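Participant: Next comes the sequence, and after it the predicted model I'd like to discuss.
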Amino acid sequence: MAGFKHISVDPAIRFGKPCVKGTRITVGEVLGHLAAGMSQDDLRADFPQLTHEDILECLAFASERERRTIIDPAA
């Protein structure tokens, strides 16, 4: 998906999973920590290379991916 300047997808990094650009931290890892109740401040303390904008873009990326998901009601 284009338009995400903080997210990169590189087949050579983490098997092509979407990552925060310049890191090996996946969007899924960021979302998992947030879903488990970790605050953004705690997340940035554990991963000092993350910025507030990186975290927001992970959320936006996941939201856009979910919006594009097609569900087959016949399945």
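Facilitator: Noted; the coordinates are in hand. Numbers count the residues shown, from 1 in each chain.
Participant: got a list of what the one residue sitting closest to the centre of the chain touches?
Facilitator: Residue closest to the mean C-alpha point of the chain, counted by C-alpha atoms, centre = their mean, is residue 27 at 2.0 Å. By C-beta atoms under 8 Å, 6 or more residues apart in numbering, residue 27 lies in contact with 7, 17, 18, 19, 20, 58, 61, 62. Every residue, glycine included, has its C-beta placed from N, CA and C.
Participant: got CSV for these, with secondary structure and neighbour count too?
Facilitator: Output for the contacts of residue 27, formatted as CSV (DSSP: H, G, I helix; E, B strand; the rest coil; neighbours: other C-beta atoms under 10 Å):
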residue, secondary structure, neighbour count
7, strand, 19
17, coil, 14
18, coil, 21
19, strand, 22
20, strand, 24
58, helix, 27
61, helix, 20
62, helix, 17
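Participant: Nearest to residue 42 among these?
Facilitator: residue 58 (15.0 Å; C-beta to C-beta).
Participant: Could you measure from the closest one over to residue 73?
Facilitator: 29 Å (C-beta to C-beta, to the nearest Å).
Participant: Name the residues of the worst-scoring helix or strand of the chain on mean pLDDT that come out as buried.
Facilitator: Here the helix or strand of the chain ranked lowest by mean pLDDT, DSSP states H and E is helix 52-68, holding a mean of 94. Residues of helix 52-68 classed as buried under the neighbour-count rule (16 or more other C-beta atoms under 10 Å) are 54, 55, 57, 58, 60, 61, 62.
Participant: Contact partners for the third one?
Facilitator: Just to be clear, that refers to residue 57. In this structure, residue 57 makes contact with 4, 5, 6, 7, 20, judged by C-beta under 8 Å, 6+ apart.
Participant: which non-adjacent residue is nearest it?
Facilitator: residue 6 (4.0 Å; C-beta to C-beta, 6 or more residues apart in numbering).
Participant: give me phi/psi at that neighbour?
Facilitator: Backbone torsions of residue 6, given as degrees, to the nearest 10, read phi -100, psi 0.
Participant: For it, grab the count of nearby residues.
Facilitator: If you count neighbours by other C-beta atoms under 10 Å, residue 6 ends up with 20.
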